[in-house]
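Novice: model the following, please.
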Amino acid sequence: MAGTADDKAPAPNAQLLRGQKALVTGANSGIGLATAIALGRAGADVVVNYVAGADEAEKVVEQIKAHGVRAYAHQADVSDEDQVVAMVAQMVEDFGTIDIMVANAGLQRDAPLTDMTLAHWQKVIDVNLTGQFLCAREAAKEFMRRGVVEEVSRSAGKIICMSSVHQVIPWSGHVNYASSKGGVGMLMQTLAQELAPQRIRVNAIAPGAIRTPINYDAWSTPEAEADLLRLIPYKRVGDPEDIANAAVAMASDLLDYVVGSTLYVDGGMTLFPGFATGG
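Specialist: Got it, this is the predicted structure:
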């Protein structure tokens, strides 16, 4: 099992994001939790979004504050337009602006096609795809209003869409999830094309198999993990900190010329490992 985010972070990240303001959705567990803490360690003030689990969100806030930056938790359902608008407006009021939006919140409602209800289809699309659209839209409005502040960052703002290897790998029994992530891939590229002239960078991170609560059954026993490792050429299951470190780099000026790209953090899962011996 992964250690805490603090155990994993490389020291060189310490000031990469100093003075920047970040919002991470779905930040009270899993990838979002690790990412929020990593951004704080890198010098950013952080808003920890959550929809349920206030106690967990407050614990994340305290871990972020331990790095000498500001943080607070904000409850909002990213699929609700009014709540997203209010969340970003509150952040601008409290922190003065936003520099980094990590649209991470997501969920699964799995079933075979013939058993999947419209409600389960719609819920996943609403959170995983529409939620990212709403968060990107509100962040972009503030980026465009403020423009580039050179002493803070070379860009006017950064949007990081949290996608999945399933934006390119079909996944039987998960048609709603795979469709939402395929949509995220095109959403990201289209926003990147539209917003790049305003010096706004939009990119995506596509995790593979990561040790998070959402996929606990896939790695929680030695037998399950061995089965999962057949799909991962690098032969280890990823930790949330693998994604968090990628997000810090993506949000920093180190990758200022990266626009409209998806970074697959997957141990090689998208290399079609079944063909490694010739198929």
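Novice: need the three-state assignment for C161.
Specialist: Secondary structure, DSSP: H, G, I helix; E, B strand; the rest coil: C161 is strand.
Novice: count of neighbours near it?
Specialist: Other residues within reach of C161, judged by other CB atoms under 10 Å, total 28. In short, each C-beta sits where N, CA and C put it, glycine included.
Novice: can you name the residues bridging to it?
Specialist: Residues in a beta bridge with C161, per DSSP bridges, are A103, A204.
Novice: same question for Y264.
Specialist: Under the criterion used (DSSP bridges), Y264 bridges to A206.
Novice: that one and G208: what is the separation?
Specialist: Distance of Y264 to G208, given as CB to CB, to the nearest Å: 7 Å.
Novice: any common contacting residues for those two?
Specialist: Residues within reach of Y264 and of G208 at once, by CB atoms under 8 Å, 6 or more residues apart in numbering, are 165, 270.
Novice: how close does the closest residue to Y234 other than its chain neighbours get to I169?
Specialist: Spatially, and ignoring its direct neighbours in sequence, Y234 is nearest to G267 (3.5 Å; CB to CB, 6 or more residues apart in numbering). Spatial separation of G267 from I169 under the definition CB to CB is 13 Å.
Novice: these two: who's more crowded?
Specialist: Neighbours around G267 and I169, counted as other CB under 10 Å, are more numerous at G267. The numbers are 23 against 17.
Novice: checking the more buried one next. Helix, strand or coil?
Specialist: Note that with three-state DSSP, the state of G267 is coil.
Novice: A89 belongs to a strand, doesn't it?
Specialist: No - the assignment for A89, made by three-state DSSP, is helix rather than a strand.
Novice: who does the biggest helix by length in the chain touch, helix- and strand-wise?
Specialist: When every helix of the chain is counted residue by residue (DSSP state H), the longest turns out to be helix 175-195. With contacts taken as 3 or more CB pairs under 8 Å, 6 or more residues apart in numbering; DSSP states H and E, helix 175-195 sits against helix 118-125, helix 131-146, strand 157-162, strand 200-207.
Novice: I'd say I243 and G30 touch.
Specialist: No - under the criterion of CB atoms under 8 Å, I243 is not in contact with G30, lying 9.1 Å apart.
Novice: quick one: low-confidence parts of the chain?
Specialist: The model of the chain has pLDDT under 70 over residues 1-14, 279.
Novice: okay, and the common contacts of I243 and G30?
Specialist: Between them, I243 and G30 have I210 as joint contacts when contacts are counted by CB under 8 Å, 6+ apart.
Novice: so who does the residue nearest to Y234 touch?
Specialist: Shown in contact with G267 (CB under 8 Å, 6+ apart): 208-209, 232-238.
Novice: cool, D126 as well?
Specialist: The contact partners of D126, by CB under 8 Å, 6+ apart, come to S79.
Novice: then the one 5 residues further on?
Specialist: For G131, the contacting residues are 25, 78-79, 84, 103, 105-106, by CB under 8 Å, 6+ apart.
Novice: coming back round to it: flag every buried residue along the longest helix of the chain.
Specialist: For helix 175-195, a neighbour-count test (16 or more other CB atoms under 10 Å) marks 175-185, 187-189, 191-192, 195 as buried.
Novice: quick one: what helix or strand has the nearest residue in space to R146 that is not next to it in sequence in it?
Specialist: Residue nearest to R146 in three dimensions, not counting chain neighbours: T97, with 5.5 Å by CB to CB, 6+ apart. If you go by DSSP states H and E, T97 is not part of any helix or strand.
Novice: burial measure for V48, as a count.
Specialist: 29.
Novice: you'd agree it is up against N28?
Specialist: Yes - here V48 lies in contact with N28, judged by CB under 8 Å, at a distance of 6.5 Å.
Novice: any residues in contact with both of these two?
Specialist: Between them, V48 and N28 share the neighbouring residues 57, 60, 73, with contact defined by CB under 8 Å, 6+ apart.
Novice: circling back to that earlier point, looking at I243 and G30, which one has more neighbours?
Specialist: Under the criterion of other CB under 10 Å, the comparison of I243 against G30 puts I243 first, with 27 against 20.
Novice: and the host helix or strand of that one, what does it pack against?
Specialist: I243 belongs to helix 240-251 when elements are defined using DSSP H and E. Using 3+ CB pairs under 8 Å, 6+ apart, the elements in contact with helix 240-251 are helix 5-8, helix 30-41, strand 100-103, strand 157-162, strand 200-207, strand 262-265.
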